[in-house]
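1. Pasting a predicted model and its sequence here:
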There are 2 protein chains.
Amino acid sequence: MQSHFQNLLDKVYEIHDIDKALGVLSWDKETNMPKAGTEARIQQMTTLRRLSHGKFTADEMGELIEKAANETADLPYESDEASLIRYLRRSYAEARQLPPEFVRRVSEVSGKAHPAWVEARENNDFAHFQPHLEEVLQLVKEMAELLGYEDEKYDPLLDQYEHGMKTAEVRATFNAVKEALVPLREAIVERGSQVDDGLVHQPFPVDKQKAFARYIADAVGYDFSRGHLGTVVHPFATSFSRNDARITTRWYPDFLNPSLFGTLHESGHAMYEQGTHPNLARTPLARGTSSGIHESQSRMIENVVGRSLGFWQAHYPKLQSLFPEQLGNHDVNAFYRAINKVQPSYIRVEADELTYNFHIILRFELEQAMLNGELAIADLPTAWNDKMQELLGVVPPTDTEGCLQDVHWTRPGFGYFPTYALGNLYAAQFYETAVSQNPTIAEEMAQGKTDALLTWLRKKIHQYGRKFTPAELVQKATGESLTYEPFIRYVTEKFSEIYEL
Amino acid sequence: MQSHFQNLLDKVYEIHDIDKALGVLSWDKETNMPKAGTEARIQQMTTLRRLSHGKFTADEMGELIEKAANETADLPYESDEASLIRYLRRSYAEARQLPPEFVRRVSEVSGKAHPAWVEARENNDFAHFQPHLEEVLQLVKEMAELLGYEDEKYDPLLDQYEHGMKTAEVRATFNAVKEALVPLREAIVERGSQVDDGLVHQPFPVDKQKAFARYIADAVGYDFSRGHLGTVVHPFATSFSRNDARITTRWYPDFLNPSLFGTLHESGHAMYEQGTHPNLARTPLARGTSSGIHESQSRMIENVVGRSLGFWQAHYPKLQSLFPEQLGNHDVNAFYRAINKVQPSYIRVEADELTYNFHIILRFELEQAMLNGELAIADLPTAWNDKMQELLGVVPPTDTEGCLQDVHWTRPGFGYFPTYALGNLYAAQFYETAVSQNPTIAEEMAQGKTDALLTWLRKKIHQYGRKFTPAELVQKATGESLTYEPFIRYVTEKFSEIYEL
């Protein structure tokens, strides 16, 4: 007779296959599907989602998890089996805490909030979106209660994306980051505009951009034999197995950065999933462990590697040879400075490596204020602009360029934003540790190579997938808990040099 | 309370969504997936197939079909409801006739036969494939018994692809075709090689081929706003809804025909599914009714339209402008003759419009001989070559170019081949009727336009999807049953003119 654990695995495999099929449907929807196919595709995805959700939340599943847990109780904490049981218990409990009626309301409210947001943003009309955001906030509040918490209402929301992380810890970390970075940002702005990034704003034929994107994705270690590069409007990475982890990019005909750094960013995400251990295949452990750790991998490749001088000393000649007219008269130092220009701006997704974090801290603080009833939705635009002034020293002229810029609040997804900035902090911490453990990494990086770095990442992070919580993983990899100091050191050194502070 | 019919529809929708998700996974596998992703993809597809098959073959489904049938017994034969019940009853019975154990063996035997066939074909080593073909034949025989028959053992096999068609009818039809076409083929060969097709065998840059393929697909009426063109090794068409019906093509850098006529062929298939009535959406009726009728639509667009003089008089200038060096010195008549060159050859998929049918008749006759025990597998190569001599007047120098050329016999799919030739016959019959009912069709065709033809096809064929059997559909559309005479008239007139017979 089959063990309970094997029975559990069979169920897990089945649900995983359905979820990955959903992933393929979603990928295809964004990359290839004609718009006219939307209605049928939504039906197909809804059916698969219902099947998967029904199977996972069934009483039988909970019983099977517990039977398998008993059977494997003697296995060590670090074993695949024990890790899978931990993950499933938590995930099952969470899924059962949100009643179908609530899930249905989420989908209904978001379904209406999204088009209203699109319209509001187009017309710079916050009042049009306001009632929808109020409904979303109501759902966020209910969700916090349904999920339950001990300390802060924001905790269970954050926990969905960064399991085990507490709001208080993020707040303390972000406050320290603010304290260090606001003066740095002010010093840079005070020096005046020494960096000219006009060279990345020129016409760049898209087919050559595509060729170069493939070249650098390969150069940083993204494995095309187990991947694929697609074109989309809003780039993302996704995987259907460790042997099929895809990236997407958008192409601007007269701005080079999105294709370069978008491709590198998504490559970092996909390399994480390409690096999960084969033994985790077909289980929910074969993914990145949290949004923040995932973002650390994409930011590492995009920024720590992809915006470094060594990387471009190695690869800029290739870029120049593709675009001799555009770049022939600009040397690698000019290019390096151009892609590292610091400039406080209104739009998060266009922000530079340094000021990006302020955009996140702003959202983190406003989400808490809304959740705790300290900020009425009607007052959001003013609060937004006040915080922009405080953190970035600029104020957007319209709400479209302010509190209406992100899609995130059309869903009750409070708690997600902070993981973007946590990713930056984790990345710097990982990189500093990696170099201290293996100096070859820095030597290779100075020559634009990432083999030793990738080996370290695979060994310390990628292979484990979701076996450990972010805190456990950071502890295992660096011997410490999360610290913001490596990031402060990294940006201070880098931008002091570029801006001759 | 919901009616039984509505309950049935809900089940049908669910199964349909899973099947279409499977279709997307399969499409993606052929177009975008890295090879390394195969194992996981097969697992995902197997899971979905098991889910769909389990739901469709459950006792509950059979009971629901009968309850819904009783409830809708008063509705007319032509109604969507009655048609769906007819289709589901037949399909359910068929699915239940093949026990899971048999389905498992099919998949096992085919799984081994396919790589053996690949190897045998590569090495021109029929003996290597022979034992596998013997196993496949054994399955074919069992399948015929499981499905059951009254007259001939081949009937239930054919019926799977061309419901209601009898082997005796196909045999009589094919014999008549042979009788008419063998002399025509001989006369053409006797005239000697008057047609030079060297002009289509030149270097043609692939990106321009792609641009032109999109242009002609659009020109014949394929709706790109509800479709997509992908690149694959073995072209096919597939649909995930009437609003997402896709085509695929392969590109040869120095041979123009595959991209032109492959694209037109698949466009014909996809236009059929784009034209199914919206009321049939999310049910198995939203597809072409049989392999033969489907093939009639692809052959109509590929040959009757796409190899006509009128079509190229309208569109050849565009092709010339894309390839001035290759085609600038060849007028439209030279091109028209080149794409209609008749030449008996070894390979079915490379055959011209006239001799293609002989390749099919050969397979149809050999499949029956094998099934009825008149032909031992060991004697297949000799029998193949004898029939080639009889029908085409040429004998392949190797089995690789003979009985090993097609993938079809790695699966127990006997009965499929004849539908290719039936498609040619249906196409000519439909076209002759269409023109007789609306002479504008011929006038437009002489100017390279297909609007009136497409209107006729949509009204008489496409909209019905699978509501009617092929025989019913042919009767409704043409007022007659299947007849080979229009095809004989069509090819005799066309090739007599080209070859000045």
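-> Arrived safely, thanks for sending.
2. Quick check: the residue nearest the centre of chain A vs chain B, distance?
-> Here the mean C-alpha position of chain A is nearest to the C-alpha of A:Glu295 (CA atoms, centre = their mean), at a distance of 4.0 Å. Per CB to the nearest CB, to the nearest Å, A:Glu295 is found 25 Å from chain B. Just so you know, the C-beta spots here come from the backbone N, C-alpha and C atoms, and that holds for glycine as well.
3. what do you get for A:Met61?
-> Note on A:Met61: its distance to chain B, by CB to the nearest CB, is 16 Å.
4. Please point out which parts of the strand or helix carrying that residue sit buried.
-> When elements are defined using DSSP states H and E, A:Met61 is found to belong to helix A:59-71. Buried residues in helix A:59-71, counting neighbours by 16 or more other CB atoms under 10 Å in any protein chain shown, are found at A:Met61, A:Gly62, A:Leu64, A:Ile65, A:Ala68, A:Ala69, A:Glu71.
5. and it, average pLDDT?
-> Per-region confidence: helix A:59-71 scores 98 on mean pLDDT.
6. helices or strands up against the lengthiest helix in chain A?
-> Looking only at chain A and at elements set by DSSP state H, the helix with the highest residue count is helix A:4-31. Under the contact criterion of 3 or more CB pairs under 8 Å, 6 or more residues apart in numbering or on different chains; DSSP states H and E, the helices and strands touching helix A:4-31 comprise helix A:38-57, helix A:59-71, helix A:80-97, strand A:229-231, strand A:237-241, strand A:244-249, helix B:4-31, helix B:38-57.
7. mind checking how far that helix is from the chain centre?
-> Relative to the mean C-alpha coordinate of its chain, helix A:4-31 is positioned 22 Å out (CA atoms, centre = their mean, to the nearest Å).
8. tell me the angle of that helix relative to helix A:80-97?
-> Orientation check (axes from the mean of the first three to the mean of the last three CA atoms, to 10 degrees): helix A:4-31 against helix A:80-97 gives 60 degrees.
9. Residues in contact with stretch A:63-78: which ones?
-> Applying CB atoms under 8 Å, 6 or more residues apart in numbering or on different chains, the set of residues contacting stretch A:63-78 from outside is A:3-5, A:7-8, A:11, A:79, A:81-83, A:85, A:88-89, A:92, A:467.
10. Quick check: chain neighbours aside, which residue is closest to the closest residue to chain B within the stretch 401-501 of chain A?
-> As assessed by CB to the nearest CB, chain B sits closest to A:Gly465 within the stretch 401-501 of chain A, at 14.6 Å. Beyond its immediate neighbours in the sequence, the residue positioned closest to A:Gly465 (CB to CB, 6 or more residues apart in numbering or on different chains) is A:Thr276, lying 4.1 Å away.
11. ok, now which ones touch that neighbour?
-> Taking CB under 8 Å, 6+ apart, we find A:Thr276 in contact with A:Arg242, A:Leu285, A:Ala286, A:Arg287, A:His462, A:Gln463, A:Tyr464, A:Gly465.
12. how much space between the residue of the stretch 251-400 of chain A found nearest chain B and A:His294?
-> Going by CB to the nearest CB, chain B is nearest to A:Arg282 of the stretch 251-400 of chain A, at 6.7 Å. As judged by CB to CB, to the nearest Å, A:Arg282 and A:His294 stand 20 Å apart.
13. Next: A:Pro324.
-> As defined by CB to CB, A:Pro324 lies at a distance of 37 Å from A:His294.
14. which one of those two has more residues nearby?
-> Under the neighbour definition other CB atoms under 10 Å in any protein chain shown, A:Pro324 and A:His294 were set side by side, and A:His294 has more, 22 against 9.
15. Regarding that one, which helix or strand does it belong to?
-> With elements delineated by DSSP H and E, A:His294 resides in helix A:291-299, which encompasses its position.
16. which parts of the following helix or strand past that helix are buried?
-> From helix A:291-299 onward toward the C-terminus, using DSSP H and E, the following helix or strand is helix A:309-322. By 16+ other CB under 10 Å, the buried positions in helix A:309-322 come out as A:Leu309, A:Gly310, A:Phe311, A:Trp312, A:Gln313, A:Ala314, A:His315, A:Tyr316, A:Leu319, A:Gln320, A:Leu322.
17. what does stretch A:442-450 give?
-> Buried-residue list, stretch A:442-450, by 16+ other CB under 10 Å: A:Glu444, A:Met445, A:Gly448, A:Lys449, A:Thr450.
18. Ok, stretch A:398-407 next?
-> For stretch A:398-407, the buried set under the neighbour-count rule, 16+ other CB under 10 Å, comprises A:Asp399, A:Thr400, A:Glu401, A:Gly402, A:Cys403, A:Leu404, A:Gln405.
19. picking up where we left off before, of the buried residues of stretch A:442-450, which ones also sit close to chain B?
-> Contacts with chain B are made by none of these, judged by CB under 8 Å from any CB of the partner chain.
20. how about the residues you listed in TSV, adding distance to A:Lys210?
-> As requested, the buried residues of stretch A:442-450 are arranged in TSV below (distance: CB to CB, whole Å):
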residue	distance to A:Lys210
A:Glu444	27
A:Met445	26
A:Gly448	21
A:Lys449	23
A:Thr450	21
